[in-house]
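Asker: Task: produce atomic coordinates for the following.
(one chain, ligands or ions: 3)
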Amino acid sequence: MQTTAEVSGSGLDLIFKYIDEQQNEFVQELKEWVAIPSDSSDPQAWDEIVRMLNVTADKIKTLGGNVELADLGSQKMPNGQSVHLPPVILAELKKDPKKPTLCIYGHVDVQPAKKEDGWTTDPYTLTEINGNLYGRGASDNKGPVLAWLHAVEAYQALKQEIPVNIKFIIEGMEEAGSNGLDTLTEQRNMTFFSDVDYIVISDNIWISKKPALTYGTRGNCYFFVEVEGQKQDMHSGVFGGSIHEAMTDLIAVLDSLVDSSGHILIPAINKAVAPLTEEEKKRYQGIEFDLEAHKKDCGVTKFLFDTKEEILQHRWRYPSLSIHGIEGAFFETGTKTVIPRKVIGKFSIRQVPNMDPSEVEKQVTEYLHKVFAERNSPNQLKVTMPISAKPWVADVSDPQFVAGRRAVQTVFGVDPDLICEGSTIPIARNFQDVTGKSIMMLPIGGADDGEHSQNEKMSRSNYIQGTKLFAAFFYELSQLPHI
Ligand SMILES: C[C@H](N)C(=O)N[C@@H](Cc1c[nH]cn1)C(=O)O
Ligand SMILES: [Zn+2]
Ligand SMILES: [Zn+2]
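Answerer: Ligands and ions are numbered 1, 2, ... in the order given. Next up is the predicted model:
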C-alpha cells in the first residue's frame, strides 16, 4: 500500500501530470455543473441553487470532507413576501494541527442567461469551441470552484499529503449580494473561522493574458427607484396626453444620474473618494494592459478615457454608475401601446475607498427626490437600496501574496501582475473586517471570459492550468513561515 508522501516540488510534477491526464473528466464535471441553472436573480429559481449546493456538497464529501449546509433564514422580498434563502456550505477536510489552514471561498450561483439574449450556444450546455468552454458560470464562478476541488482530488488520487488544512465556504447568493452571509460570518467567527490562517478567493479575472494576483475590489450599492402612477396600466391612445406618465418620470430621474463622460451627477458623491497618491499612480504604469486588444474584446471603438492608466483607475479606484434595467416596462417584441402603472428603475454605483454606503444611500435618495419634485408630478417616487457592499483592499506585503507569486511562477513561469478588480465580491470586506484574516484573490479567469455577458466562457487552458495553480498554491502556502 503506497504511503502518503509529503509533497515537494517534484511531487507537484506528478500532480500536474495527473491534472493534464484528467482534464476531459474535469471538463465533463464542469458541464454537469453548468447544466444546473442556479440563477440567484430569480427567487423562483432558488430551488436550483439548493440543488447546485447539494451537488457541490456531495463532491466535497467524496473528497473526505465534513460538510454543513448552514441555514441563513429568510429574506424579505420587495413585494413583502418572505423567501427562505439557500444555505451556505461550510466544509473542512481532515485537519492536522501542525499545518496552516486555508479557507477557500467561492459561489455556485450565476447571473441570468437566456439563449435569446444573443448566446451562440445554449448557456446551460457547456460547449467547447476552439479551446474555449462556453456556458453560464464557466468562469463566474463554477469553473474556479471546481478547479479548487480538482486540485484537492489530484493530491488524493496520487496519495500525496495536502500540505495545508483546507476549509470551504461556498455560497449560492453572491450575484444577488450574498444576503445573510455577513451575519453567518459573524456568528461563525469564533468557531469555523477561528483556526483559519488564510482566506483565498478566486472569483475574478486577469486583465491581460498575464496571470495576476488581485489586491482590491470595488464595492457596490444597488438601487431600485420606483415610480407609481395611476391605479392600472392604461391605453396610451385613450389617456396619453392627459396624465403624468410614470415611465416618463422615471426616464427623467434616471437621466439625471450620470453624464456622457461617465461623471456621476449626484452632488458630493465623489467627495469621499480617496485621493490618488504618487505611489499608486506608479502602480498603474507597470501593469500589462493592451488598450486596442481590450477595445476589440469589448467590441467598442473608444473608451471614456484614452490612456491605460485612466481606464484602469476608472475601473478600479473611482466610483462608476451603471443603469441596468426597468422592471414593469414593456420589453418583449411587438408594439404594446400601454402606459405602465408602475415601473422600477435599477442602477448601481460601484464603491471605492473611502465611500460609505450609508452616506451614499442618503445622498442618492435626497438627490432623486429633489429631481423628481422639480417635475411637479402627482406620481409616487420610492428609492430603496437592496444591496450595499463595501470595497476590499489588501496589503500586498501579506505573506499570502508571496505564496501566490511563487505558485504563478511555478505554473506559468512569469511574475504575476498585481491588479485590482472593478467588480464586487460582497463578502470580501466582511471577511476582512470580521475575521481579520489574511485575504488574497487568486484569479484564473481570462480577461475576455465575458462574465455576466452572452457567451461567457473559460478557456480549457485557464481551467486546467488554473487547477495546477491551485495545487501549487497549497504547496507554496505550506512553505511560508507558519503564522
Ligand atoms: C466578481 C463577481 N464575479 C461578481 O460578478 N460579483 C457581482 C456581485 C454583485 C454586486 N452587486 C450585485 N451583485 C458584481 O460585481 O456585479
Ligand atoms: Zn459575477
Ligand atoms: Zn462571481
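Asker: Quick one: mean pLDDT over the biggest helix by length in the chain.
Answerer: Scanning the chain for the helix with the most residues, using DSSP state H, yields helix 460-478. For helix 460-478, mean pLDDT is 98.
Asker: need the residues of the stretch 1-150 of the chain near ligand 1, please.
Answerer: 140-141 (C-beta under 6 Å from any ligand atom). Where C-beta positions appear, they are placed from N, C-alpha and C, glycine not excepted.
Asker: residue ranges for the strands of the stretch 1-150 of the chain, please.
Answerer: In the stretch 1-150 of the chain, the segments counted as strands under DSSP state E, counting those that start in this stretch are 5-6, 66-70, 74-76, 82-84, 88-92, 101-107, 127-129, 132-134.
Asker: circling back to that earlier point, just the angle between the longest helix of the chain and strand 101-107, please?
Answerer: Going by axes from the mean of the first three to the mean of the last three C-alpha atoms, to 10 degrees, helix 460-478 is angled at 150 degrees with respect to strand 101-107.
Asker: Show me what counts as buried in helix 460-478.
Answerer: Using 16 or more other C-beta atoms under 10 Å as the test for burial, helix 460-478 gives 460, 462-478.
Asker: Can you give me the domain assignment for the chain?
Answerer: As assigned by automatic domain parsing, the chain contains the domains 9-217+391-479, 219-274+317-386.
Asker: Using CSV, lay out those together with distance to T301.
Answerer: Converted to CSV, the domains of the chain look like this (distance: least, C-beta to C-beta, whole Å):
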stretch, distance to T301
domain 9-217+391-479, 17
domain 219-274+317-386, 15
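Asker: if you compare those domains, which one is most tucked away?
Answerer: domain 9-217+391-479 (a mean of 20; mean count of other C-beta atoms under 10 Å).
Asker: And for H107, nearest residue in space, chain neighbours not counted?
Answerer: In space, and not counting its chain neighbours, H107 is closest to E174: 3.5 Å by C-beta to C-beta, 6 or more residues apart in numbering.
Asker: do the same with G445
Answerer: I205 (3.4 Å).
Asker: what residues are up against that neighbour?
Answerer: For I205, the contact set (C-beta atoms under 8 Å, 6 or more residues apart in numbering) comprises 139, 421, 443, 445-447, 449, 451.
Asker: let's see 6 Å
Answerer: 443, 445, 447, 449 (C-beta atoms under 6 Å, 6 or more residues apart in numbering).
Asker: Backbone torsions only: list them for it.
Answerer: phi -130, psi 160 (degrees, to the nearest 10).
Asker: What separation is there between it and ligand 3?
Answerer: 10 Å (C-beta to the ion, to the nearest Å).
Asker: V110 contacts G137, doesn't it?
Answerer: Yes - contact criterion C-beta atoms under 6 Å: V110 and G137 qualify, at 4.1 Å.
Asker: In this protein, which residue is most central in space?
Answerer: When C-alpha atoms, centre = their mean is applied to the chain, the residue found nearest the centroid is I425 (4.9 Å).
Asker: circling back: identify the contacts common to V110 and G137.
Answerer: Contacts common to V110 and G137, judged by C-beta under 6 Å, 6+ apart, are absent.
Asker: does any part of the helix or strand hosting V227 sit near ligand 1?
Answerer: Using DSSP states H and E, V227 maps to strand 219-228. Yes - against ligand 1, strand 219-228 shows contacts by C-beta under 6 Å from any ligand atom at 220, 222.
Asker: Note down every partner strand of that strand and its orientation.
Answerer: In the sheet, strand 219-228 lines up against strand 342-351 (antiparallel), strand 380-389 (antiparallel) (DSSP bridges).
Asker: Now do the strands in the stretch 251-400 of the chain.
Answerer: 321-327, 338-339, 342-351, 380-389, 392-393.
Asker: and ligand 1, which of those strands is closest to it?
Answerer: With C-beta to the nearest ligand atom as the criterion, ligand 1 lies closest to strand 380-389 of these, at 5.0 Å.
Asker: Give me the contact list for the closest one.
Answerer: 177, 219-228, 357, 361, 365, 368, 372, 424, 426.
Asker: let's go with 8 Å and repeat that
Answerer: So strand 380-389 is contacted by 78, 176-178, 219-229, 249, 253, 348, 351, 357-358, 360-361, 364-365, 368-369, 372, 424-426, 429 (C-beta under 8 Å, 6+ apart).
Asker: now stretch 305-316
Answerer: Contacts for stretch 305-316 (C-beta under 8 Å, 6+ apart): 207, 216, 218, 262, 276, 281, 284-285, 287, 289, 291, 294, 303-304, 320, 352, 419-422.
Asker: State the mean pLDDT of it.
Answerer: 96.
Asker: now the strands paired with strand 219-228 as a markdown table including distance to Q28?
Answerer: Listed next are the strands paired with strand 219-228 as a markdown table, based on distance: least, C-beta to C-beta, whole Å:
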| stretch | distance to Q28 |
| --- | --- |
| strand 342-351 | 36 |
| strand 380-389 | 34 |
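Asker: now those strands as JSON lines including mean pLDDT and distance to ligand 1?
Answerer: Listed next are these as JSON lines, based on pLDDT from 0 to 100; distance: least, C-beta to the nearest ligand atom, whole Å:
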{"stretch": "strand 342-351", "mean pLDDT": "98", "distance to ligand 1": "6"}
{"stretch": "strand 380-389", "mean pLDDT": "97", "distance to ligand 1": "5"}
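Asker: Ligand 3: which of those is closest?
Answerer: strand 380-389 (12.4 Å; C-beta to the ion).
Asker: any idea how far the residue of the stretch 201-350 of the chain found nearest ligand 1 lies from ligand 3?
Answerer: Residue of the stretch 201-350 of the chain nearest ligand 1, by C-beta to the nearest ligand atom: N220 (3.9 Å). For N220, the distance to ligand 3 equals 12 Å [C-beta to the ion].
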